[in-house]
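Trainee: Prediction below, plus the sequence it came from.
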Amino acid sequence: MKVYIKNMVCHRCILAVETILKSLNLAYKNVTLGEIEFQNPLPDAMKEKMAQQLEAIGFELIDDKKHQLIERIKNCIIQFIHHDKELLKMNLSDFLAGELGYEYNYLSNLFSEVEGTTIEKYVILQKIEKVKELIVYDELSLKEIAERLGYSSVAYLSNQFKKVTGLTPSHFKSIGQQKRIPLDHL
């Protein structure tokens with residue numbers, strides 16, 4: 001049995017959910033971004049108790065099938081951009097279709113219908129947040145950041161960055177961390 005959770009965006013989120021599951025003595029097989037796979041179906045009372053504890057730390061259970069799929073799309077995109085450099089070498093539409101078992105056109109149309117924006121625009125927001133993170137870390141040049149995130153040039157990255165943030169990457173670097181947006185708020 002799988003349960004879907006909104007707002008899980010990183011490894012720390014997985015650890016937080018596992019902590020709650022252990023505190024409730026719930027037997028589970030696996031916790032990944034946006035999903036918990038249980039060994040057995042949960043009684044309604046236990047599911048409600050788990051939901052309350054998850055909500056207390058900013059997560060939310062998703063019961064609606066469409067919203068579950070949307071959350072899975074978002075988690076795949078986050079994985080694609082933030083957590084696995086090798087994935088960026090793949091075509092995003094092929095990656096999403098392969099991971100989720102639906103044609104990309106269906107996923108794209110559903111995402112636009114439910115979220116009011118396109119997958120492409122969501123990907124741009126995620127990429128810009130990754131660029132911000134890498135700029136703040138100050139370990140890579142802008143050219144290296146552009147290459148890592150699949151931009152064709154530094155100029156293209158800079159133009160997109162300014163379009164989304166209103167700032168050039170160098171101006172952002174000078175003001176730093178206060179302009180980052182949590183991934184679950186994108």
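Mentor: Thanks, I have the structure now. Treat the numbers as computed from the prediction; the structure is a model and nothing was measured. Numbers count the residues shown, from 1 in each chain.

Trainee: Tell me which helix or strand the residue most central in space within the chain sits in.
Mentor: Closest to where the C-alpha atoms of the chain average out (CA atoms, centre = their mean) is residue 78, at 3.2 Å. For residue 78, the element it lies in under DSSP states H and E is helix 65-78.

Trainee: what does that helix contact?
Mentor: By CB atoms under 8 Å, 6 or more residues apart in numbering, the list of residues contacting helix 65-78 from outside reads 4-6, 8-9, 32-35, 62, 92, 95-96, 99-100, 102, 107, 110-111, 114-115, 119, 122-123, 126, 183. All C-beta spots, glycine's among them, are computed from the backbone N, C-alpha and C.

Trainee: Equivalent analysis for stretch 117-133, please.
Mentor: So stretch 117-133 is contacted by 73-74, 77-78, 81-82, 92, 96, 107-108, 111-112, 115, 145, 149, 157, 160-161, 164-165, 169, 172, 179-181, 183, 186 (CB under 8 Å, 6+ apart).

Trainee: Over to stretch 39-58?
Mentor: Applying CB under 8 Å, 6+ apart, the external contacts of stretch 39-58 come out as 1, 3, 5, 7, 16-17, 20-21, 23-24, 26-29, 60-61, 184.

Trainee: What's the mean pLDDT across it?
Mentor: Stretch 39-58 comes out with an average pLDDT of 93.
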